[in-house]
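Chemist: Sequence first, then the predicted structure, then my questions.
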Amino acid sequence: MSEAFGFREFGGPQVQDFFDRPDPVPSPAEVLIRVTVAAVNPLDHKLRSGVVPQFYGDRPFPQVFGAEAAGVVLAVGADVEGLDVGDTVFGCTLSGAGTYAGTTVLLGTNTARKPEGLRDDWAATIPVAGTSALNAVDQLDLPSGATILVNGVGGGVGLLTAQVARDRGLHVIGTGSTAKRTLAEAVGATFVDYTEGQVVARVRELAPDGVDGVVDLVGGASLRTVAPLVRDPKKVVSVADPAVAELGGEMVHRRVDRADLERVAALMVEGRLDPYIVRTYPLSQAPEALALVESGHALGKVVIDLTGGTASEG
Ligand SMILES: NC(=O)c1ccc[n+]([C@@H]2O[C@H](COP(=O)([O-])OP(=O)(O)OC[C@H]3O[C@@H](n4cnc5c(N)ncnc54)[C@H](OP(=O)(O)O)[C@@H]3O)[C@@H](O)[C@H]2O)c1
């Protein structure tokens, strides 16, 4: 049994609750872990709001928030290869078991051993945010020296995307609100503050012939504004909005397999990628952590420490 934070039905923050949950029983394809750190993603509040009710099928309520975590393996399903009890790991709960809880189950194929030298909180940001950044930049497949626009550069996926792109020798232009400038510039992006207006004109000043690729993390009207800035419409990818297909681009094909988890982890261990965890909350403050991400204007990554720590910044 462990304490968990989740929701009793689809709805707004008023349906959220803490409750005790029996340790989930791993299927043959899963591992049971003691969660050390869970990362917070927009997916968490989107699932609570019921905007993607099909995501986990007809999983019974109450449901537990969270899709990515780091932790220690307590039990291993019969079909899981390459993971043992006692391993420190990080991965995804694609079954919807949630990660804002003392224990959860992760799918073995979407879980990797944490390499030496990688912090648990950094590892917890890899399965959703880290691999999204990797998959997006991989998909654009641009040569060194090309210019990429990261729309929404200051959030969890945006800062990681900018770093993966820079690591491949790409020039990065990033859009965000004023508070995102410092971190965007710290990761090497040329920052365009959308609150000042004139986003298109400003990007055209920086890239008069247009950009070579766009990674969109915002969607909607913002995506429609920046998409025409790319020379080849096929080089617009989004993780946020399937309507990108109407503009000639495509959604990022997500894999979240063990090989990608290990690739992102290696970049972090080698000092080439920082998830920029700006706030760490204890489980008791999970509502505040989620509200910050639900504001739509989070800076970097927000994580929840399940080991009994207190709230901290930076
Ligand atoms: N399909 C997948 O597998 C997958 C995986 C990961 C994420 N996602 C989706 O990708 C999106 C981004 O995720 P995330 O974790 O990076 O979210 P996040 O941490 O909340 O960051 C989103 C960022 O976008 C910025 N933003 C909002 N409006 C903007 C605008 N008009 N122009 C430029 N920037 C704007 C926000 O702050 P400011 O406005 O203050 O700059 C914020 O920094 C979410 O919709 C998420 O659900 C999908």
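Modeler: Sure thing, it's come through.
Chemist: Tell me, how many residues neighbour the residue of the stretch 101-250 of the chain found nearest the ligand?
Modeler: Nearest to the ligand in the stretch 101-250 of the chain, going by C-beta to the nearest ligand atom, is Gly155, at a distance of 1.8 Å. Where you see a C-beta, it was placed from the backbone N, CA and C, and this is true even at glycine. Around Gly155 there are 27 other residues, counting by other C-beta atoms under 10 Å.
Chemist: Kindly report the same for Val85.
Modeler: If you count neighbours by other C-beta under 10 Å, Val85 ends up with 11.
Chemist: Spell out which parts of the stretch 101-250 of the chain neighbour the ligand.
Modeler: Within the stretch 101-250 of the chain, the positions adjacent to the ligand are 128-129, 132, 151-152, 154-158, 175-177, 180, 194, 217-218, 222, 239-240 by C-beta under 6 Å from any ligand atom.
Chemist: What subset of these is buried?
Modeler: With neighbours counted by 16 or more other C-beta atoms under 10 Å, these contain buried members at 128-129, 132, 151-152, 154-158, 175-176, 180, 194, 217-218, 222, 239-240.
Chemist: Just the ones of the residues you listed in strands?
Modeler: Counting by DSSP state E, those place Asn151, Thr175, Gly176 in strands.
Chemist: from these, which single one is nearest Arg119?
Modeler: Nearest to Arg119 among those: Gly176, at 25.4 Å, using C-beta to C-beta.
Chemist: any idea what sits nearest the closest one, other than its immediate chain neighbours?
Modeler: Nearest residue to Gly176, sequence neighbours excluded (C-beta to C-beta, 6 or more residues apart in numbering): Gly154, at 3.8 Å.
Chemist: before we move on, what about Ser95?
Modeler: For Ser95, the spatially nearest residue (C-beta to C-beta, 6+ apart) is Val105, at 6.3 Å.
Chemist: what pairs with the one you found across the strands?
Modeler: Per DSSP bridges, the residues bridged to Val105 are Leu32.
Chemist: neighbours around it, how many?
Modeler: 27.
Chemist: and it, what does it touch?
Modeler: Pro24, Val25, Pro26, Ser27, Glu30, Val31, Leu32, Ile33, Thr93, Ser95, Ala97 (C-beta atoms under 8 Å, 6 or more residues apart in numbering).
Chemist: Enumerate every residue touching the closest residue to Gly309 other than its chain neighbours.
Modeler: In space, and not counting its chain neighbours, Gly309 is closest to Pro282: 5.9 Å by C-beta to C-beta, 6+ apart. Residues in contact with Pro282 (C-beta under 8 Å, 6+ apart) are Ile304, Asp305, Gly308, Gly309, Thr310, Ala311.
Chemist: any idea of the pLDDT on the most centrally placed residue in the chain?
Modeler: Nearest residue to the geometric centre of the chain (C-alpha atoms, centre = their mean): Ala129, 2.2 Å. You'll see Ala129 listed with a pLDDT of 97.
Chemist: what do you get for Val256?
Modeler: Turning to Val256, the model gives it a pLDDT of 88.
Chemist: Distance of it relative to Gly271?
Modeler: 24 Å (C-beta to C-beta, to the nearest Å).
Chemist: Mind checking which of the two has more residues around it?
Modeler: Neighbour comparison, Val256 and Gly271: the larger count goes to Val256, with 22 against 8 (by other C-beta under 10 Å).
Chemist: Just give me the neighbour total for the nearest residue to Gly12 once chain neighbours are set aside.
Modeler: Once flanking residues are discounted, Gly12 sits nearest to Ser49: 7.1 Å by C-beta to C-beta, 6+ apart. Counted with other C-beta under 10 Å, the neighbours of Ser49 add up to 16.
Chemist: ok, so what distance separates Ser49 from Ser284?
Modeler: Distance, Ser49 to Ser284, using C-beta to C-beta: 23 Å.
Chemist: try Gly314
Modeler: For Gly314, the distance to Ser284 - C-beta to C-beta - is 20 Å.
Chemist: So what's the residue count around Gly220?
Modeler: Neighbour count for Gly220, taken as other C-beta under 10 Å: 11.
Chemist: any idea of the pLDDT on it?
Modeler: Reading off the model, Gly220 has pLDDT 97.
Chemist: so what's it up against?
Modeler: By C-beta under 8 Å, 6+ apart, Gly220 lies in contact with Asp241, Ala243.
Chemist: Same check on Gln16?
Modeler: By C-beta under 8 Å, 6+ apart, the contact set of Gln16 is Phe5, Gly6, Phe7, Arg48, Phe65, Pro287, Leu290.
Chemist: 6 Å instead, please
Modeler: Counting by C-beta atoms under 6 Å, 6 or more residues apart in numbering, Gln16 touches Phe7.
Chemist: What residues are bridge-paired with it?
Modeler: Here Gln16 shows beta-bridge partners Phe7, assigned using DSSP bridges.
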